[in-house]
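*Asks:* just the structure for this:
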Amino acid sequence: MFHFLLRTIPRPILIQLSLVFSKVAPIIYKGSRYTDPISEKSYRKFLPYGYSGRAKRKNVLCPGSLSLERHRLLWLYLKNKTDFFTAPHKMLHIAPEQCFYKLFRKQKNLTYTTADLNSPIADVHMDLHKAPFKDNEFDVIFCNHVLEHVEDDAQCMRELYRVMKPGGWGIFQVPQDISREKTYEDKNIVTPEDREIHFWQKDHVRLYGLDYKDRLAAAGFKVTVEDYTKTLSAEEVDRYRLPAGEMLYVCRK
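*Replies:* Presented below is the predicted three-dimensional model:
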């Protein structure tokens, strides 16, 4: 049933419904086996997530914050390895994740702007191919699980570079097949069913390979690849339900 809802309900409506669900789910799933580091609350289990095939995972969606494994990994990295929570930053958050946006908006050190094509929780509705922001405007930019959806990812990467301040930084996570040297794209794959087979999700238009770093660098970024779960214990990776081996691409201008 859960996977059926993910596949059939439009994303803006799904976002609204999930906000209601997150109020009651912590009571239903109360326990101590797994912990969400974002809320610091624990549960007896997390929920399944993903649309089909390799994208479908068990025990990954936190009932309370609605965080996924990639969100919890990012949170721990930001907390332990950056000044994101302490230094003043003008921040742009593309496709704001529900588990983050309320917390980030409350942070007194952030001047926080959210943007998306149609999300109901975005401040600015825009097409990333032509972002409506000035050059060199933002200290920090997050754009996670977006670039696999856009028509021209090189143009979107150039826009992210353009609006980032010199000395600024960003994190741009994407689904990635680390068994591939090169990103997989085929303009002839157009149906939702075929895209789900080839790109892991019906609204993806490419599947990134190990050349993702080079594609970001071509837009001008200096890219550091962080395999952050390697710095954590096996117990922490399991307790927080983290994606072992997922790389964080930290981009600087």
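*Asks:* T114 versus the residue nearest in space to the middle of the chain, what's the distance?
*Replies:* The centre of the chain sits closest to N144, judged by C-alpha atoms, centre = their mean, with a distance of 3.3 Å. Relative to T114, N144 is positioned 13 Å away (C-beta to C-beta, to the nearest Å). (Glycine included, C-beta is placed from N, CA and C.)
*Asks:* overlap of the contact sets of those two?
*Replies:* Residues touching both N144 and T114 (C-beta atoms under 8 Å, 6 or more residues apart in numbering): I94.
*Asks:* adjacent strands (with direction) for the helix or strand V60 falls within?
*Replies:* Per DSSP states H and E, V60 falls inside strand 57-61. Strand 57-61 pairs in its sheet with strand 47-49 (antiparallel), by DSSP bridges.
*Asks:* quick check: buried residues in the partner strand?
*Replies:* Residues of strand 47-49 classed as buried under the neighbour-count rule (16 or more other C-beta atoms under 10 Å) are L47, Y49.
*Asks:* tell me how far that strand lies from the chain's centre.
*Replies:* 16 Å (C-alpha atoms, centre = their mean, to the nearest Å).
*Asks:* again with stretch 163-183
*Replies:* Relative to the centre of its chain, stretch 163-183 is centred 11 Å away, using C-alpha atoms, centre = their mean.
*Asks:* so what's the nearest residue to V146 once chain neighbours are set aside up against?
*Replies:* Spatial nearest neighbour of V146, chain neighbours left out: A95 (5.0 Å); criterion: C-beta to C-beta, 6 or more residues apart in numbering. Contact partners of A95, counting by C-beta under 8 Å, 6+ apart, are A115, D116, S119, A122, C143, N144, H145, V146.
*Asks:* just give me the least confident of those residues.
*Replies:* Here the lowest pLDDT out of the contacts of A95 sits on S119, with 88.
*Asks:* tell me if I'm right that that one and P96 touch.
*Replies:* Yes - S119 lies in contact with P96 (C-beta atoms under 8 Å); the separation is 6.8 Å.
*Asks:* of the two, who's got more company?
*Replies:* P96 (24 against 19; other C-beta atoms under 10 Å).
*Asks:* which residues does the more buried one contact?
*Replies:* By C-beta under 8 Å, 6+ apart, the neighbours of P96 are F104, T114, D116, S119, I121, A122.
*Asks:* now those: which count as buried?
*Replies:* For those, a burial check counting by 16+ other C-beta under 10 Å picks out F104, T114, D116, S119, I121, A122.
*Asks:* hang on, the second one is in a strand, isn't it?
*Replies:* Just to be clear, that refers to T114. Yes - assessed by DSSP: H, G, I helix; E, B strand; the rest coil, T114 belongs to a strand.
*Asks:* read off the pLDDT value for it.
*Replies:* pLDDT at T114 comes out at 98.
*Asks:* please name the bridge partners of it.
*Replies:* Note on T114: beta-bridge partners by DSSP bridges are H93.
*Asks:* ok so, going back, what is the nearest of the contacts of P96 to W169?
*Replies:* Nearest to W169, judged by C-beta to C-beta, of the contacts of P96 is F104 at 15.5 Å.
*Asks:* R180: neighbouring residues, count only.
*Replies:* There are 14 residues near R180, going by other C-beta under 10 Å.
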